[in-house]
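A.B. asks: Okay, predicted coordinates and the sequence, questions at the end:
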Amino acid sequence: VFFGTPAWAVPSLEALLVSDVDVVGVVTNPDRVAGRGLRSTDGPVKLAARRAGIEVLQPDKLRDGGFQGRLASLAPDIACVVAYGKILPPALLGVPRLGFVNAHFSLLPAYRGAAPVQWALINGDPITGISIMILSEGMDEGPVLAAEPMNILPSDSATTLGDRLAAVAGGLLVRTIKGYAQGVLVAKPQPVHGVSYAPKLRADDVRIDWSQSALMIRNLIRGANPEPGAWTTFRGKRMKVLEAEVVQERDPAPSGHLELGSGSLKVTCGDGALMIVTAQMQGKRPLSGSDLGRGMHLGEGDRLE
Amino acid sequence: MASHRNLQLSPSILTADFGRIEDEVRAVLPYVDGFHLDVMDGHYVENLTFGPTMVEAVRRSCDLPLHVHLMITDPGRYAKRFVEAGADRISFHPEVVQDVAEVIRTIREAGAGAGIAVVPEGSLAATEAHLDELEVVLMMTVRPGFGGQGFLQEALPNVVRIKKLVQERRSSADIEIDGGVKLPTLEAAVKAGGNILVSGSGIFDGVDARAAARKLRRRLSELEGMGAA
């Protein structure tokens, strides 16, 4: 049985489907209501499961006995979890014969929690990876069966890095559960040292402080792209900065100072400056920095705060 | 990696809300590297704080390193209980014990790293004599006893001396700065040689601990980037 919800879970499901592992069911979060017509939209994992003709379960609550009975009736040998988006109650963990394994997008014990890809970028790390662990009751504290490192590129955002990690997770997951089922792979407890935490990003975590260095602000922007999006304010309105590049600063201006050059919008930071590549004013569409800058009709003293 | 930061931030929970300590701890997790717990007995200092139960509560909330600072008159007698409660490091004040080597041995045998705490302008003799057995030297930049005090600049020359000693002896001991560490005092503490910065009321300020921890973390990252570490 496979548990997963967003696009990052799809490569893992597909890797399992093309392998000789028999996928007997897919569990995914209930459909989200989206768009102006408030239509409900099927999640990426649900669509992939449907294409493969596999039964999809979308329980609202995992704790009710009904779901546990339903899962037990599938008699799974093992359950795989990739970005499912709900905490699994301890009572469920014993249902599959070999338990639950989880592909976590960091090199554990670093970055336990819901946003490991985002925090690795925000902290400017050069390396991250995938860990396959056996789920235990604590949050991402289970013993690790396998791990694979991956370089973080300077051009990466959470989108691109997450996509690459998701692609690697699929193959690693299939190899790992086979090795585990055959008794070849043994789970090792996570090291005591090197623990760190990566909880879901809150709005305050991703507000830009323009007195910081351009490099640190850029790390925040790429870590928060696309969701929730690093933000600042312009004339009292929220503005999300989706992409930015570090540029040289010749004449230092006060932090947050805006300058519209030929085809670019530049912001002064505490150390250096950023060129805004893409940004989005509250309630508007994302625009290129230069288009946004032209629409701003910048005056004396206009700045980002 | 986040877990191998050169400059580490360690909130002291002294001014946190003990009634909801697990929430207080979880709120700051992405920005900190460990926690500092000040145990006071009403004898060594004129203040009482908490015992091993509080260490257990913090341990339940995270797996980050916990450093217990015993401001008590008989550290050797209680060290083991704090280790059992989840302490990874225990520091004590050498001036209140008869046999410093014995207390260090007790802490290490209980399974924790040992540290010596040095009060502002205090003697460095015990630290010099036992440096090889220490995981950490805890340099206080306020007088022990209460949270919320101002940073004492006069404590810094001793930090510089300890940093030099640690380098000369090729010791791997951390130098932890404890007392009055806030945004304006962070740089002086780092430049003097501190690599673990304890902040109490600078983080658990009764307003927004996560925001305060974020600001200190960002400043430390900048100092690290400037090669101050």
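C.D. replies: That came in fine, so what should we check first? Quantities reported herein were computed from a predicted structural model and do not represent experimental measurements.
A.B. asks: Let's see the longest helix along chain B as PDB, backbone CA atoms only.
C.D. replies: Ranked by number of residues, the top helix in chain B under DSSP state H is helix B:209-225. Written as PDB, here are the backbone C-alpha positions of helix B:209-225 (Å, rounded to 0.1, in the frame of the first residue of the first chain):
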ATOM      1  CA  ALA B 209      10.500  33.400  21.100                       C
ATOM      2  CA  ARG B 210      10.600  32.100  17.500                       C
ATOM      3  CA  ALA B 211      11.000  35.600  16.100                       C
ATOM      4  CA  ALA B 212      13.800  36.400  18.600                       C
ATOM      5  CA  ALA B 213      15.600  33.100  17.900                       C
ATOM      6  CA  ARG B 214      15.300  33.800  14.100                       C
ATOM      7  CA  LYS B 215      17.000  37.200  14.500                       C
ATOM      8  CA  LEU B 216      19.800  35.800  16.600                       C
ATOM      9  CA  ARG B 217      20.300  32.900  14.200                       C
ATOM     10  CA  ARG B 218      20.400  35.200  11.200                       C
ATOM     11  CA  ARG B 219      23.000  37.400  12.900                       C
ATOM     12  CA  LEU B 220      25.100  34.400  13.800                       C
ATOM     13  CA  SER B 221      25.000  33.100  10.200                       C
ATOM     14  CA  GLU B 222      26.200  36.500   9.100                       C
ATOM     15  CA  LEU B 223      29.000  36.500  11.600                       C
ATOM     16  CA  GLU B 224      29.900  33.000  10.500                       C
ATOM     17  CA  GLY B 225      30.000  34.200   6.900                       C
END
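A.B. asks: and it, what other elements does it pack with?
C.D. replies: In terms of contacts (3 or more CB pairs under 8 Å, 6 or more residues apart in numbering or on different chains; DSSP states H and E), helix B:209-225 is packed against helix A:214-223, strand B:8-11, helix B:21-28, helix B:183-192, strand B:196-199. For the C-beta atoms, the positions are set from N, CA and C on the backbone; glycine is no exception.
A.B. asks: how near is B:Leu223 to B:Gly34?
C.D. replies: 18 Å (CB to CB, to the nearest Å).
A.B. asks: Tell me where the stretch 101-250 of chain A has helices.
C.D. replies: A:116-122, A:158-181, A:214-223 (DSSP state H, counting those that start in this stretch).
A.B. asks: The ones you listed: which one's closest to B:Ala27?
C.D. replies: Set against B:Ala27 and scored by CB to CB, those come closest in helix A:116-122, at 15.2 Å.
A.B. asks: Return the residues of chain B in contact with chain A.
C.D. replies: Taking CB under 8 Å from any CB of the partner chain as the measure of proximity, chain B contacts chain A at B:1-4, B:26, B:29-30, B:33, B:62-65, B:208, B:210-211, B:214-215, B:218, B:221-222, B:225.
A.B. asks: Can I get the buried part of the residues you listed as one ChimeraX selection?
C.D. replies: In ChimeraX, selecting the buried portion of the residues of chain B next to chain A, with burial taken from 16 or more other CB atoms under 10 Å in any protein chain shown, looks like this:
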select /B:1,2,3,29,30,33,62,63,64,65,210,211,214,215,218,221,222
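A.B. asks: for chain A, what are the low-confidence residue spans?
C.D. replies: By pLDDT under 70, the low-scoring segments of chain A are A:33-40, A:250-251.
A.B. asks: Kindly apply the preceding question to chain B instead.
C.D. replies: In chain B, residues with pLDDT under 70: B:1-4, B:227-229.
A.B. asks: just checking, which of the helices of the stretch 101-250 of chain A sits deepest inside the structure?
C.D. replies: Ranked by mean neighbour count, those are led by helix A:116-122 with a mean of 27 (mean count of other CB atoms under 10 Å in any protein chain shown).
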